[in-house]
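S.K.: pasting the sequence and the predicted model now:
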Amino acid sequence: MTTLTNNAEQSSEQPAVVVQGISKTFNPGTPEAVQALVDVDLSIAPGEFVSLIGPSGCGKSTLLRLIADLLPPTDGSIKVFGKPAAQARIDQDYGMAFQSAGLFDWRKVAANIELPLELMGYSKAERSARSAEMLELVKLPDFGDHYPWQLSGGMQQRVAIARSLSFKPQLLLMDEPFGALDEMTREHMQNELLAITAELGTSVVFVTHSISESAFLSDRVVVLSPRPGQVHSIVDVPLGERSDDTREEPEFFEKATEIREALRAVEAGL
Amino acid sequence: MSAGQALKQTARPSILGRLNQIPPALIVGVVFFGAWELAVRIFKIKEFLLPKPSSIWKEVVSQWSGADGTLSTAPLKAAGWNTGYIAVTGLILGLVFGVALALTVTRFQRVGGALTPFAVAVNATPIIALAPIFNNWFGITGNFSNQAIVMVVVFFPVFINTAKGLTDVHPDQLELMRSYGASDFTILRRVRVPNAIPFFLTSLRLAAPLCVIAAIVAEYFGGPQDRLGPVITQNASFTRYDSAWAAIVVASAIGLSLFGLALLVERYAMPWKRPAEAV
């Protein structure tokens, strides 16, 4: 995860995401109008891992949904791999995962992972090969034939991540995907996510509430301030390749402290 | 649990141990009919108030394929078959219309906004009260008046439940599908319809006994005489209550069979459900 140093390589490629002058107002022109985001700029390099953190109501999930073209912006433009966000959605250039695994009860685990491939018209043989590969990747090789209810919460979340990666998108959009997991499972999943995205060279935009999670996973942490949502500051986290030891290193704590102080400044309205 | 049972059985290989293996429902049934039979005998209850289960059963057997001559009511077998036919065809019509309207309402929200209050108003009307009107509209010589009553009765729970299943999808799942660039139709087919199956099957379980009730009550109001409804009213008016009860037994057997069938469908149509949930 040292993509920030690969400047030469980056300049030759399209940025994964470019957010320019984005504003979002819900219910515009009504008494319930809410300014969720104002004038946000953000650029994410290929292979880069960027976290969005901030107090509730700062618009971090909104920003993620704007990048995903699940919401239209009020103002500004978003490019994903050089294309308008709407085109990138139609072309399935990104994968998505949420706090709830959101698996479909009626599909077996393998069929859940294969759903995006089905919609993209992959053949049956290609689909089963890919789902087997993905199950291997998330360390659930023997669970393809199970129904979701037979899996624990952590396992379901791993299936959801396998599903979001099944068509090998170059961008992953994640909204607190580990929010519902216990601490140990969460750390384990963080390690796995980094290993998988490093292997596939995936860029990640990751919404989280957790300071330590953002410091551990990210190349950069974007701290947002609420009402209206704006980029308060961006913290670089050049900790090199992560391992479980990283969580106990002084540099890691320094970075976590830096993020925490930025969040306190946000809360204090500075 | 099973270890505890085994222990108990080796310790006391008694009647109690063997009783444990009989389904509780069967025990309740035997006790219920036994108490009924005994109560009628002991308290000498008049047969026209409450016949003994044994006399009712005798009537079922003797009137199964032909009346015993004192009354010209239809044999129970034929009457049961006809009433069953009305109930099942009405049920199927109600299912088809209920599901069709639920799909329409889900697919076209504005149509839904216009139609749902109307459907609710229709449901608030005591539909059985329409039976004489339906007889007037559709005639009393054929089955259709009665089938139409069954259809309207069945329609509503099916419509409401199925529509709920089609719309009650987790928002994350909808966003996920849209992130794949899926069209509304794809989302309907891949997510909404499978999501609605448990809801639909629940409504089927409600509708299965309901359709028999609706058929018999509709038959009370007129139509051909070789049906359970007229058999019950005619026997009752000639104080042949044991024969009336015999027809009720046949009706409840039809209702139970349909209910059991609905349970079976529910079990086998949803292999993805937790076993405990599939009841």
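M.R.: Done, it's in.
S.K.: residue ranges with poor pLDDT in chain A?
M.R.: Applying pLDDT under 70 to chain A flags residues A:1-12, A:270.
S.K.: so which residues on it come close to chain B?
M.R.: Applying CB under 8 Å from any CB of the partner chain, one finds that chain A approaches chain B through A:65, A:68, A:70, A:89-92, A:94-96, A:98-100, A:102, A:104-108, A:115-116, A:119-120, A:147-149, A:173. For glycine as for every other residue, the C-beta is placed from the backbone atoms N, C-alpha and C.
S.K.: in strands, which of those fall?
M.R.: Mapping these onto strands (DSSP state E) picks out A:94-96, A:173.
S.K.: and the chain, what are its domain boundaries?
M.R.: Unless you meant another one, I'm taking chain A. Listed domain ranges for chain A are A:13-93+A:170-267, A:103-168 (source: automatic domain parsing).
S.K.: please go with chain B instead
M.R.: B:2-45, B:76-277.
S.K.: least reliable of those by average pLDDT, please.
M.R.: Per-segment mean pLDDT for the domains of chain B reaches its minimum on domain B:2-45, at a mean of 72.
S.K.: out of the residues of chain A next to chain B, which end up buried?
M.R.: A:65, A:68, A:70, A:89, A:92, A:94-96, A:98-100, A:102, A:104-108, A:115-116, A:119, A:147-148, A:173 (16 or more other CB atoms under 10 Å in any protein chain shown).
S.K.: quick one, helices of the stretch 101-250 of chain A?
M.R.: A:109-119, A:124-137, A:153-165, A:183-200, A:211-217, A:250-267 (DSSP state H, counting those that start in this stretch).
S.K.: which one of the ones you listed lies nearest to B:Arg274?
M.R.: helix A:153-165 (14.0 Å; CB to CB).
S.K.: how about residue 177: what's its closest non-neighbour residue?
M.R.: You didn't say which chain, so I picked chain A. A:Ala97 (4.5 Å; CB to CB, 6 or more residues apart in numbering or on different chains).
S.K.: that's the wrong chain, I meant chain B
M.R.: B:Ile187 (4.9 Å).
S.K.: how far does stretch A:195-203 sit from the chain's center?
M.R.: Mean-position distance between stretch A:195-203 and its chain equals 12 Å (CA atoms, centre = their mean, to the nearest Å).
S.K.: in that stretch, which residues are buried?
M.R.: A:196-198, A:202-203.
S.K.: so what touches it?
M.R.: A:1, A:16-17, A:44-50, A:137-138, A:161, A:165, A:168-172, A:204 (CB atoms under 8 Å, 6 or more residues apart in numbering or on different chains).
S.K.: residue contacts, A:Pro148?
M.R.: A:101, A:103-105, A:107, A:109, A:112, A:156, A:159, B:272.
S.K.: so how far is A:Gly102 from it?
M.R.: A:Pro148 sits 10 Å away from A:Gly102, going by CB to CB, to the nearest Å.
S.K.: chain A contacts on chain B?
M.R.: B:170, B:172-173, B:175-176, B:178-182, B:186, B:190-191, B:194-195, B:197, B:270-274.
S.K.: recalculate using a threshold of 7 Å.
M.R.: B:170, B:172-173, B:175-176, B:178-182, B:186, B:191, B:194, B:272, B:274 (CB under 7 Å from any CB of the partner chain).
S.K.: if you rank those by neighbours, which is first?
M.R.: Scoring these on neighbours with other CB atoms under 10 Å in any protein chain shown, the highest-scoring entry is B:Leu176 at 27 neighbours.
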